[in-house]
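[1] Could you work out the structure for the sequence below:
(chains A, B and C)
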Amino acid sequence: MPADQLVQNLESALSKIPLIDPHSHIDPRAPVARSLDDILGYHYYTELAHSAGMSQKLLAQDADPRERVRAIMQFMDRYDNTAQYGWFLDIVRTFLGWEEERRISAADADALFDAAQKTFSQSDWEQQVFEKTRLEKIFLTNEFDDPLSGFDTTRYVPCLRTDTLVFHMDKPETRRRVEVMTGIRIRDAATLRQALVKIFLHFTRNGAKACAISLPPNFHPAKFDDEHFYEQMQFHDFHDLAPGIFWQIAEFCRDFKLPFDLMIGVNRRVYEKGVYQGQDLFDQRTSLLQYKDLFNAFPDVTFPISVLTSAQNQELVAYAWIFPNVLPNGHWWYSNTPPYIQKDLVERLTAVPKTKLIGYYSDAYKLEFVKPKYAMYRRILANVLADEFVRPGVLSETEAVALGTRLLRDNVKEVFKV
Amino acid sequence: MPADQLVQNLESALSKIPLIDPHSHIDPRAPVARSLDDILGYHYYTELAHSAGMSQKLLAQDADPRERVRAIMQFMDRYDNTAQYGWFLDIVRTFLGWEEERRISAADADALFDAAQKTFSQSDWEQQVFEKTRLEKIFLTNEFDDPLSGFDTTRYVPCLRTDTLVFHMDKPETRRRVEVMTGIRIRDAATLRQALVKIFLHFTRNGAKACAISLPPNFHPAKFDDEHFYEQMQFHDFHDLAPGIFWQIAEFCRDFKLPFDLMIGVNRRVYEKGVYQGQDLFDQRTSLLQYKDLFNAFPDVTFPISVLTSAQNQELVAYAWIFPNVLPNGHWWYSNTPPYIQKDLVERLTAVPKTKLIGYYSDAYKLEFVKPKYAMYRRILANVLADEFVRPGVLSETEAVALGTRLLRDNVKEVFKV
Amino acid sequence: MPADQLVQNLESALSKIPLIDPHSHIDPRAPVARSLDDILGYHYYTELAHSAGMSQKLLAQDADPRERVRAIMQFMDRYDNTAQYGWFLDIVRTFLGWEEERRISAADADALFDAAQKTFSQSDWEQQVFEKTRLEKIFLTNEFDDPLSGFDTTRYVPCLRTDTLVFHMDKPETRRRVEVMTGIRIRDAATLRQALVKIFLHFTRNGAKACAISLPPNFHPAKFDDEHFYEQMQFHDFHDLAPGIFWQIAEFCRDFKLPFDLMIGVNRRVYEKGVYQGQDLFDQRTSLLQYKDLFNAFPDVTFPISVLTSAQNQELVAYAWIFPNVLPNGHWWYSNTPPYIQKDLVERLTAVPKTKLIGYYSDAYKLEFVKPKYAMYRRILANVLADEFVRPGVLSETEAVALGTRLLRDNVKEVFKV
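    Model prediction:
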């Protein structure tokens, strides 16, 4: 049974918009999948298969890729109700020519694995994925000491990821990497600043368009004075510096005019024996009020913000409605399934200036996931535009497509200056 | 595309119900707008325009009203997706004769400003707004030392707002105002009580029908003994008295049989340089459990309660389902946009006795806003009544209108005895 | 106006599935109502009637049942908007032959009371209710010293309720009951273990299929060492043992291979003078993160989890998506009304493996409530399956019924091994 004509029209129009994907984990030196294992090895599938009963034996790095695919698909009929299965189905249809109406089962593992091998080994596969996805540019997630060389930074846009700098400065290894990269040995606030300048220069000179970080629910940024930095570095092994290093990075975002993406709410390693990248969860008890001082202190820094939970979306809506520098950004991780996207999107669209809404990003590790994730989002966006704007007579169909385009593309271009 | 016939019928029937608006900030001595600046100067527009990029220069009190309107409308095409824009469009259509189908743009500023000047200057404008709105009575928000004279208190119903008494008793200016108004100099619990009696007498003799207060997310009412009051007043400059003064006011609400409106969840001045009235936000981490002692201690006081966040609506539903003296009240501020109203209304309607549901209030500063805000609410109410009650065969169309009338009017009359 | 054909088909198919109800408070020695007072004396009605204004006089144990029914129905036209009224209407239609289209009013009290007397006194009434409900088995809630005799444990499945053991071990009466039941006098960790072994043996030998507990929002399980148990028992009157006793019970759930139902979020006796069983509420500020250590320490224990608030559903979804041993379980209490069920169900169905979703339980005190509660759930489930799976072309109608069957029955059988 097809969706109605209006929604189809909107979805069709939205699917023609070239994408600039403002957040991903693509490795620009290996951007596409080499085998079906690169698709089903994505943590969304290993998590669900493990959660539904699969042992982790075949997830070992040295396990046979085909065997791993078989194992993950062996459990697929336990999680084929999920949105994540929907992405896989879309990938198989879009990229592997799957045309059958029936659901994919464990028995299809080998045939799909072989089809993927053949398809993914084409020399122009990367370019094909870009075209089928109508993808124009995609943002990366780069460690502070990434050389940022060997790829086209206008297509793969660098983004300085600062989690390591903020949360792991107490590890000698981090400071060693900073020293290798910048030539500076951090020992106080001044040397920290010098190192950060070098890092920001490296990134902006190589086309970086954003700085980013993921933050735990209880994080509270704070300005530390230089003496406090000195004290902690000299006498407390660089511990408890995160709020202050974060603040310094915000200062450089201001000076270098980079938006600072905040991804708020994740607790790392909650499920200690979980699959790779499938160990993190959250505590719903968190508030954007923790960022009050930050938002007030940096009126010139744009903060595109993702919240991990839909319950916090109303805070995000209200803070974005009030603070010029707070922008809602996409639908992240545990909130990136249809009911949460639908709810959060309607809430944002009815209360936040449309020029401040960064609609979506893929968060993908392989380019093949950009298409199915954006397709899910566009389907929901088309429905929301139809129900909230076109049907009540607020917007014409053409105006609704323009509003959708703003969320999908225009705002990304304006906010990140790409 | 029109909504369906059932929803239209319900909406049409509900729009005929004369309104008693149980909470507003109307100044009864200047209840209607004098210019378009009084409409667009409402914090909902200055906030959004500023949030979307407008500087605050023209928001200065001595700025030219026409220039200010131009500035706010200059940014309108950045926030014309919002519910707040919808209210403005409704005002312009209802009161200024705007009949065009297209969206309002910056180019319309002067023409609308002129039209408003002409319309609003009519000698019977106030009466016209009452009629076009089908407004019967509207509650005010009066400071404790408001003389309550010079207006018709059967039409403009006084309500004792107690924020200053509860939260600013440590300011000498507050105590001076109390002394001027009551002749009593507060120095201990007994004199505090004497002053409050005089204030309550003044209000109830002048037709006040409610007491009200807005409260921060971390507020916790508490009964203080007289010695504690003495201690804090004499030796600690009247600090930290809020929980105890609040409790005394609840005692007088009981004695004077006034409902006590609690508006829970606002943090003041979060965005320190925000526009006037556009600086307040919240912390979602709050609970009605903080009011456990209060609800138990005052079974005879009716507490109509507004929560700032939709996430707290389930607490409100459950507390109202269990406590006879707890009543859900309207849809407040950051929860006063369609998706939150829709969600919160359905949740209340399916679990709380219908006689306890105070459907809506305008919170308006100018009478012109009563109509568009109630129209938004009635549209949602009509949809909810259709989807949850008429279509599943639970209520007939006539019964559904009766249920809507109860929320819109009957309960206001019964709860506030107006 | 009927729902559409697809939804009707799905609902009709789902209503044919024999039920295994995995959580109730049925007394197997008095499982059905003896009078209408047993129906309307359910706390859902006494709460609403009291909340809407009814005095508690007639709720006294020695009050006349007919008078009590009259009183509760006297207030019914104040709460006939609620889902709970809907259950009553369904009971009256299904079991008492009520065929009128109009709403039930106070004037119907005597006729319904008499009809119920006649109907409920039939010798095969229990069997009739089982048949009309298509009920196959139903789980009980048994105190630790329940003899578990005198009823058919394949039909009425025992479940060890552990609230008393965990939260009331500081009461001498609890320890006395343990001693009577097990012959063991608890004085340290070892004797506690010995007593628990005897209790678990008694339950599993008598067909128990689950262990269960309800927990306050601030509860945090913890492993206590034996010395700590000794200290608290010998020198602190058995106080503050709850986290550690809970942990020991989890150990026995592991050893005896019993799922451990956690019902998270209730604060007892918030409304101190509330009606019987109508005094409990909650604090939304709670997190499953509090159970991190538990979930990690017991990978082999299945934890079917109910959360009291819909706001916590996203935590439940995410934890069930990641942890193999965490399963979402039903829609509990304040979240057991249509808008919350609908929201929580869609969220679960789009992100958690379908084999882990225990759809529903009745929580009933009398068998007559199983039917209307499950009917409410099936109606919502049918709508969700239609909107999210069949209409978008994700599942065929037959597949959708299979998915519904999984939630309603298959998973209960697999998880609880019944």
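
[2] okay, CA-based contacts and neighbour counts for the rest of this
    Noted.

[3] Show me what from the stretch 51-200 of chain A comes close to chain C.
    Residues of the stretch 51-200 of chain A found near chain C (C-alpha under 8 Å from any C-alpha of the partner chain) are A:S51, A:A52, A:G53, A:R78, A:Y79, A:D80, A:N81, A:T82, A:A83, A:Q84.

[4] Name the member of those with the most neighbours.
    A:S51 (29 neighbours; other C-alpha atoms under 10 Å in any protein chain shown).

[5] Tell me who's in contact with it.
    C:A320, C:W321, C:I322, C:F323, C:P324, C:N325, C:P353 (C-alpha atoms under 8 Å, 6 or more residues apart in numbering or on different chains).

[6] Would you mind naming what in the stretch 251-400 of chain A lies close to chain C?
    The stretch 251-400 of chain A comes close to chain C at residues A:270-274, A:278-279, A:281-285, A:309-311, A:334, A:337-340, as judged by C-alpha under 8 Å from any C-alpha.

[7] for the stretch 151-300 of chain A, what spans make up the helices?
    With DSSP state H, counting those that start in this stretch as the criterion, the stretch 151-300 of chain A has helices at A:163-167, A:172-182, A:189-205, A:226-235, A:242-256, A:292-297.

[8] Could you dump the ones you listed into CSV with mean pLDDT and mean neighbour count added?
    Output for the helices of the stretch 151-300 of chain A, formatted as CSV (pLDDT from 0 to 100; neighbours: other C-alpha atoms under 10 Å in any protein chain shown):
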stretch, mean pLDDT, mean neighbour count
helix A:163-167, 98, 19
helix A:172-182, 98, 16
helix A:189-205, 98, 17
helix A:226-235, 97, 15
helix A:242-256, 98, 20
helix A:292-297, 98, 18
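
[9] Tell me which of the ones you listed sits nearest to C:V401.
    Nearest to C:V401 among those is helix A:163-167; the distance by C-alpha to C-alpha comes to 46.1 Å.

[10] what's the offset of the closest one from the middle of its chain?
    Relative to its chain's centre, helix A:163-167 lies at 17 Å (C-alpha atoms, centre = their mean, to the nearest Å).

[11] same thing with stretch A:342-353?
    With C-alpha atoms, centre = their mean, you get 19 Å for stretch A:342-353.

[12] how about the helices of the stretch 151-300 of chain A in JSON lines, adding distance to chain B?
    Formatted as JSON lines, the helices of the stretch 151-300 of chain A follow (distance: least, C-alpha to the nearest C-alpha, whole Å):
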{"stretch": "helix A:163-167", "distance to chain B": "25"}
{"stretch": "helix A:172-182", "distance to chain B": "35"}
{"stretch": "helix A:189-205", "distance to chain B": "25"}
{"stretch": "helix A:226-235", "distance to chain B": "26"}
{"stretch": "helix A:242-256", "distance to chain B": "17"}
{"stretch": "helix A:292-297", "distance to chain B": "6"}
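
[13] Any idea which of those helices gets closest to A:I20?
    helix A:189-205 (18.7 Å).

[14] which residues does A:S214 contact?
    A:D163, A:L262, A:M263, A:I264, A:G265, A:V266.

[15] now for those residues, which pair is the farthest apart?
    Checking the contacts of A:S214 with C-alpha to C-alpha, the most distant pair is A:D163 and A:G265, at 13.3 Å.

[16] joint contacts of the two?
    Common contacts of A:D163 and A:G265 (C-alpha under 8 Å, 6+ apart): A:S214, A:L215.

[17] thinking again about what came up before, nearest to chain B, of the contacts of A:S51?
    Among the contacts of A:S51, C:A320 lies closest to chain B (C-alpha to the nearest C-alpha), at 21.6 Å.

[18] so when I look at that closest one, I'm seeing a strand, right?
    No. Assessed with DSSP: H, G, I helix; E, B strand; the rest coil, C:A320 is helix; it does not lie in a strand.

[19] what residues are up against it?
    Remark: with contacts taken as C-alpha under 8 Å, 6+ apart, C:A320 is in contact with A:S51, C:V326, C:L327, C:P328, C:V352, C:K356.

[20] So which of those residues sit within helices?
    Residues of the contacts of C:A320 located in helices (DSSP state H): A:S51.

[21] Spell out which parts of the stretch 251-400 of chain A neighbour chain B.
    Residues of the stretch 251-400 of chain A lying close to chain B by C-alpha under 8 Å from any C-alpha are A:285-289, A:292, A:295-296, A:311-312, A:314-315, A:318-325, A:343, A:346-347, A:349-356, A:390-393.

[22] just the buried members of these?
    A:285-289, A:292, A:295-296, A:311-312, A:314-315, A:318-325, A:343, A:346-347, A:349-356, A:390-391 (16 or more other C-alpha atoms under 10 Å in any protein chain shown).

[23] Now, those that are in strands?
    Among those, no residue falls in strands (DSSP state E).

[24] Which helix or strand contains the closest residue to chain C within the stretch 301-418 of chain A?
    Among all residues of the stretch 301-418 of chain A, A:P339 sits closest to chain C, at 6.0 Å; criterion: C-alpha to the nearest C-alpha. Using DSSP states H and E, A:P339 falls within helix A:338-349.
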